[in-house]
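[1] structure for the following, please:
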Amino acid sequence: MVTEPETGNESETGGGAVEAAPAQAAPEERPARPAAFEERPARSEGGYARGGGGAADDRTKYRGGRRRRVCIMCADKIKVVDYKNVSFLRRFISDRARIETRRKSSACAKHQRALARAIKRARHLALLPYSPEHLRGTQGGHR
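    Predicted coordinates:
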């Protein structure tokens, strides 16, 4: 007795005859997909892509969205961030006298740490302000 894997039925082969090929079953139809699995729009149609939609030639130029920002200190080959260079450090302080984040300052991790250290040293020596009241001058900010 031979068990057919598709049907699970047992059949006897008669008198040394060659076994017949299993019968082809009709292809099963897949159930319809739920609405949650509908096709998403292509990236070039301006759909869900983070970097915005663009033509096909744009995607070959910048893979994965926008072009990555380069650290300005790495580009200028600045080795040491000097705490005495106040005009340079002011670029990395917000209007609320806070140190800007890496995302806003476009600095790499190494230079962002050096920037924070230099800004804190300049604040300690009163070269840079701790609070926004000192940035505005004598206008008298809110507390």
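
[2] give me the phi and psi for residue 104.
    Main-chain torsions, residue 104, degrees, to the nearest 10: phi -80, psi -40.

[3] that one: neighbour count?
    The tally of other residues near residue 104 (other CB atoms under 10 Å) stands at 10. Using the backbone N, CA and C atoms, a C-beta is placed for each residue, glycine as well.

[4] look at it and report its pLDDT.
    Note on residue 104: pLDDT of 90.

[5] and it, how far from residue 112?
    From residue 104 across to residue 112, the span is 10 Å (CB to CB, to the nearest Å).

[6] same question, residue 81
    From residue 81 to residue 112 the distance is 10 Å (CB to CB).

[7] swap in residue 130?
    Noted for residue 130: a distance of 19 Å to residue 112, by CB to CB.

[8] of those two, who's got more company?
    residue 112 (20 against 12).

[9] which residue is the nearest non-sequential neighbour of that one?
    residue 102 (4.8 Å; CB to CB, 6 or more residues apart in numbering).

[10] assign residue 134 to helix, strand or coil.
    Three-state assignment for residue 134 (DSSP: H, G, I helix; E, B strand; the rest coil): helix.

[11] which outside residues touch stretch 81-98?
    With contacts defined as CB atoms under 8 Å, 6 or more residues apart in numbering, stretch 81-98 is touched by 73, 99-100, 105, 107, 111, 114-115, 117-119, 121-122, 125, 127-132, 134-135.

[12] the strands in the protein, which residues?
    Secondary structure of the chain (DSSP state E): strands at 2-3, 10-11.
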